[in-house]
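Asker: Let me see the structure of the following:
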Amino acid sequence: MCRVVDLRQAVLAKNDAGAAELREHLAARGTAEVNLLSSPGSGKTALLELLLARAVAAGVSVAAVTADLATENDARRLARAGAPVKQVLTDGLCHLEAGMLRERLDGWLPRDTRVLFVENVGNLVCPASYDLGESLRIVLGSVTEGEDKPLKYPTAFGLAHLVVITKTDIAEAVEFDAAAFHRNVRQVNPGVPVLETSARTGAGVDELLALILGVADGAPVHRPVLAHQHERYLHHHHDDEDGRTHDGHENGHGHSHEHPAAASVPVAGAADTP
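Answerer: So this is what the prediction gives:
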């Protein structure tokens, strides 16, 4: 079991190093990356299409990468917004990794891109552990998924910089308890902003875009308590020849044995929100 955990820590450490390099690269060119995570069917693609369309209409240079195990359906759909879009097929992998994303961006991402949206694979387990070099991590939950979603996926929601509720136009029909959802989000991620949206009516979309553009301009983002905890947890230790331990973490990111599924998600200029 220890060898399995050690291997996972090594994989995450390598990814963290690649994410730090990608974050630095994008910052140098003035591009903010937004990582969108959700379960399948949450309305993530519909919301992203609307965000892209409104950004393009406002003259904001944006681009999008969308990841799926198969098909290019989402890329074709997002391209209708008029922004550059690239499909990434993960060949069965349930998440994107920083190195994989960097390879797809090289030679493709327009130089003047202000915001790069990354639509991660529809999954709230694997993607939660992988930093992609993002400036903002948004986790979406639809009203059809149930109020206890944040409690069922505490790592995903616990490492979010922003939580977005989707499909609010049908909240009443599905008897969604918004107060309970907000309460559950606060339990796993105290202080994280929660925004309610509807791609069908457009509710909350302009507010969301303004928030994203603010982050692109350097506005501080919420710093999850879980991210703080990961930074304080024991870094990966190994016994040396004298039986003592030494700090074996790499690139400034440690991953606890007690929490092998989670990874810290550093953000340039991050700050706590009240």
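Asker: From here on, just use CA atoms for contacts and neighbour counts.
Answerer: Will do.
Asker: Quick one: low-confidence residue ranges for the stretch 151-274 of the chain.
Answerer: Across the stretch 151-274 of the chain, the ranges flagged by pLDDT under 70 are 229-274.
Asker: where along it do the strands fall?
Answerer: 162-166, 194-196, 237-239, 245-247 (DSSP state E, counting those that start in this stretch).
Asker: for Gly204, what are its contacts?
Answerer: Gly204 sits next to 195-198 when contact means C-alpha atoms under 8 Å, 6 or more residues apart in numbering.
Asker: Touching, Pro84 and Thr66? I think so.
Answerer: No. Contact between Pro84 and Thr66 fails when scored by C-alpha atoms under 8 Å: they sit 11.1 Å apart.
Asker: These two - which one has more neighbours?
Answerer: In this view Pro84 and Thr66 are compared by other C-alpha atoms under 10 Å, and Thr66 has more residues nearby, 23 against 20.
Asker: Phi first, then psi, for that one.
Answerer: Torsion angles at Thr66 (phi, psi; degrees, to the nearest 10) stand at phi -120, psi 130.
Asker: Find me whatever residue is spatially closest to it, sequence neighbours aside.
Answerer: Leaving out its chain neighbours, the residue that sits closest to Thr66 by C-alpha to C-alpha, 6 or more residues apart in numbering is Glu119, at 4.5 Å.
Asker: Which residues does stretch 136-152 contact?
Answerer: 32-39, 42-44, 156-168, 170-171, 174, 176-178, 180-181, 184-185, 188, 212, 215, 221, 267.
Asker: Name the residues of it that are buried.
Answerer: 136-144, 146-147, 149-151 (16 or more other C-alpha atoms under 10 Å).
Asker: just how off-centre is stretch 203-210 within its chain?
Answerer: Between the centre of stretch 203-210 and the centre of its chain there are 18 Å (C-alpha atoms, centre = their mean, to the nearest Å).
Asker: How about the contacts made by Val194?
Answerer: 162-165, 182.
Asker: Is it possible to mark the buried ones in these?
Answerer: Buried among the contacts of Val194 (16+ other C-alpha under 10 Å): 162-165, 182.
Asker: Can you add distance to Asp106 and give these back as JSON lines?
Answerer: Formatted as JSON lines, the buried ones among the contacts of Val194 follow (distance: C-alpha to C-alpha, whole Å):
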{"residue": "Leu162", "distance to Asp106": "28"}
{"residue": "Val163", "distance to Asp106": "29"}
{"residue": "Val164", "distance to Asp106": "30"}
{"residue": "Ile165", "distance to Asp106": "33"}
{"residue": "His182", "distance to Asp106": "39"}
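Asker: Could you pull out the buried residues of stretch 189-201?
Answerer: Those would be 189-199, for stretch 189-201 by 16+ other C-alpha under 10 Å.
Asker: Between the two ends of it, how far is it?
Answerer: 28 Å (C-alpha to C-alpha, to the nearest Å).
Asker: now stretch 147-162
Answerer: End-to-end for stretch 147-162, by C-alpha to C-alpha: 17 Å.
Asker: Among the buried residues of stretch 136-152, which lie within strands?
Answerer: 136-142 (DSSP state E).
Asker: So in this structure, which helix runs the longest?
Answerer: Determined from DSSP state H, the single longest helix within the chain is helix 2-28.
Asker: Who are the packing partners of it?
Answerer: helix 98-105 (3 or more C-alpha pairs under 8 Å, 6 or more residues apart in numbering; DSSP states H and E).
Asker: Who does the helix or strand just after the helix it packs on pair with, and is each partner parallel or antiparallel?
Answerer: Reading on from helix 98-105 to the C-terminus, the next helix or strand found by DSSP states H and E is strand 115-119. Next to strand 115-119 in the sheet, as set by DSSP bridges, lie strand 32-37 (parallel), strand 62-68 (parallel).
Asker: so the residue nearest to Thr66 bridges to which residues?
Answerer: Beta-bridge partners of Glu119, as defined by DSSP bridges: Leu36, Thr66.
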